[in-house]
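**Student:** Here you go, sequence then predicted model.
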Amino acid sequence: MSHPLSPGSVIGMLGSGQLGRMTALAAAPLGLRTHVFAPEPGPATLVTDLYTRAAYDDEDALARFAATVDVVTYEFENVPARTAAFLAGRVPVRPGPAALGICQHRVSEKTFLRDAGIPTTGWRAVSNAAEVAAAADALGRPCVLKTARFGYDGKGQTIVRPGTDAADAWRVIAGDKAELDAIVEAFVDFRLEASVVVARGFRGEVAAYELVENRHRDHILHQTIVPADVSDTVRTEADAIARTVVEALDYVGVLGVEMFVTHDGQVLVNELAPRPHNSGHWTQDGAVTCQFEQHARAVAGLPLGSVARVGDAVMTNLLGDDVDQVPTWLAEPHAKVHLYGKTEARAGRKMGHVNVISPRRG
Ligand code: AMP
């Protein structure tokens, strides 16, 4: 597909979560349909009539899926590499499998960032407890030990403090496995956590939403505040970093760049999310084009939309029992409630979010 998709075309979506749901909803006004491929139904299949329920390694099902869609994208980064490669042999996959592979592994991600000249905290690849001890000696304590794969929302990571035995830290992330791909990172004493959601179109055009501040609770995003309370220098630096990342990855689609802003104004990249990002949900009500429409536009080869902000925004995640507050939120005149259609409100589960938009001050 080298030309823009025309109305009636179908985006194939790997994954049935809320990011896929919101992308499908935002693609619809562009005349684009979404076909979800996932082993289990979820928030996305509640809003699409096209759904293939199959395992990610079911090549017959993948081949049938590929034959009925015009482009394939995904809404979570742990799509198996073989699945992405199999599909890429049949239909355009955007973002491409190479970018996906880099973002799936913390060591390849940090190596990519280093090679692209993008600042991060100090780090070392490790694969056993002895290497953790050596890395902690080299980087200093406290430092953070993380699994290279499948970590999210603080899972698969632990802090190595001055008194921590490396073997104990290893057990926290690796259980009884003696060897595992992992990374040790120097601890960042940050002033705030921030992110830039950036899009790159099929023809290489780039549009970055402005830097936002992210506040976490128990390692899970709680609120995104827009605009972030940072200097223009930090804002410009963050924007330049995000642009460099998508160029260097030859990326097509929306990508979240998670960052730390240090007390002395340095911007360090923490990690990359090759998909729309929770910290970009404010754009649904606070920007001319929301990140989900932007992702659909990019993967469909359409021009990117304006990322201009129309107001100040606070996005609050509704986690677990927080959904009980929905009636209160609905009574707030400037609150926009977005629920994902999940019925079981387990602790910490992302059930929805609320955007409160107020007139722009800056
Ligand atoms: P991650 O899974 O890498 O996004 O990490 C989850 C959270 O852990 C981040 O949002 C930070 O609050 C914290 N964190 C991760 N890495 C570091 C680090 N190197 N230094 C300080 N805090 C960190």
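**Tutor:** Yep, it's here. Numbers count the residues shown, from 1 in each chain.

**Student:** Find the nearest non-adjacent residue to Pro7, please.
**Tutor:** Nearest non-adjacent residue to Pro7, counting by Cβ to Cβ, 6 or more residues apart in numbering: Gly31, 2.8 Å away. All C-beta spots, glycine's among them, are computed from the backbone N, C-alpha and C.

**Student:** need the contact list for that neighbour.
**Tutor:** With contact set as Cβ atoms under 8 Å, 6 or more residues apart in numbering, Gly31 has these partners: Ser6, Pro7, Gly8, Ser9.

**Student:** quick one, phi/psi of Ser358?
**Tutor:** Note on Ser358: backbone dihedrals following degrees, to the nearest 10 are phi -130, psi 160.

**Student:** hey, C-alpha coordinates of stretch 342-362 in CSV?
**Tutor:** C-alpha atoms of stretch 342-362 as CSV (Å, rounded to 0.1, in the frame of the first residue of the first chain):
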residue,chain,number,x,y,z
LYS,A,342,-14.8,-3.6,31.2
THR,A,343,-17.2,-5.2,33.6
GLU,A,344,-14.8,-6.5,36.3
ALA,A,345,-13.2,-3.7,38.3
ARG,A,346,-10.1,-5.5,39.6
ALA,A,347,-7.7,-3.4,41.8
GLY,A,348,-5.4,-1.3,39.6
ARG,A,349,-7.2,-2.3,36.4
LYS,A,350,-7.6,0.6,33.9
MET,A,351,-11.4,0.9,33.6
GLY,A,352,-11.6,4.3,31.9
HIS,A,353,-10.4,7.9,32.3
VAL,A,354,-11.7,11.4,32.6
ASN,A,355,-10.5,14.5,30.8
VAL,A,356,-11.1,17.8,32.3
ILE,A,357,-10.5,20.7,29.9
SER,A,358,-10.3,24.3,31.0
PRO,A,359,-9.5,27.5,29.0
ARG,A,360,-5.9,27.8,27.9
ARG,A,361,-3.8,29.9,30.2
GLY,A,362,-0.5,29.7,28.2
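
**Student:** Can you give the contact residues for it?
**Tutor:** 18, 43, 153, 218, 220, 227, 278, 281-282, 284-286, 309-323, 326, 329, 332, 334-340.

**Student:** Among these, which lie within helices?
**Tutor:** Counted as lying in helices by DSSP state H, out of the contacts of stretch 342-362, are Gln18, Gln284, Asp285, Gly286, Val326, Trp329.

**Student:** Could you point out the longest helix of the chain?
**Tutor:** helix 232-248.

**Student:** So for that helix, what gets flagged as buried?
**Tutor:** Neighbour counts over helix 232-248 (16 or more other Cβ atoms under 10 Å) mark Val234, Arg235, Glu237, Ala238, Asp239, Ile241, Ala242, Arg243, Thr244, Val245, Val246, Ala248 as buried.

**Student:** Could I get the contacting residues of the closest residue to the fifth one other than its chain neighbours?
**Tutor:** Translated: Asp239. Leaving aside its sequence neighbours, Asp239 sits nearest to Ala208 (Cβ to Cβ, 6+ apart; 5.3 Å). Each residue near Ala208 by Cβ under 8 Å, 6+ apart is listed here: Val196, Val197, Val198, Ala199, Asp239, Ala242, Arg243, Val307.

**Student:** Please produce CSV containing these, extended by distance to Val252 and pLDDT.
**Tutor:** Compiled in CSV, these are given as follows (distance: Cβ to Cβ, whole Å; pLDDT from 0 to 100):
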residue, distance to Val252, pLDDT
Val196, 17, 99
Val197, 15, 99
Val198, 12, 99
Ala199, 9, 98
Asp239, 19, 98
Ala242, 15, 98
Arg243, 14, 98
Val307, 16, 98
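
**Student:** host element of the spatially closest residue to Ala174 that is not a sequence neighbour?
**Tutor:** In space, Ala174 comes closest to Leu180 once its chain neighbours are excluded; the distance is 4.5 Å by Cβ to Cβ, 6+ apart. Taking DSSP states H and E as the criterion, no element holds Leu180; it sits outside all helices and strands.

**Student:** So which bits of this protein are right by the ligand?
**Tutor:** For the chain, the residues in contact with the ligand (Cβ under 6 Å from any ligand atom) are 121, 144, 151, 154, 185, 187-188, 193, 216, 219, 258, 270-271.

**Student:** 8 Å instead, please
**Tutor:** Contact residues, the chain versus the ligand (Cβ under 8 Å from any ligand atom): 106, 121, 143-144, 146, 151-157, 185-190, 193, 214, 216, 219, 258, 260, 270-271.

**Student:** Centre of the chain to the helix or strand harbouring Trp170, how far?
**Tutor:** Assessed by DSSP H and E, Trp170 sits inside helix 166-174. Its chain's C-alpha centre and that of helix 166-174 lie 27 Å apart, by Cα atoms, centre = their mean, to the nearest Å.
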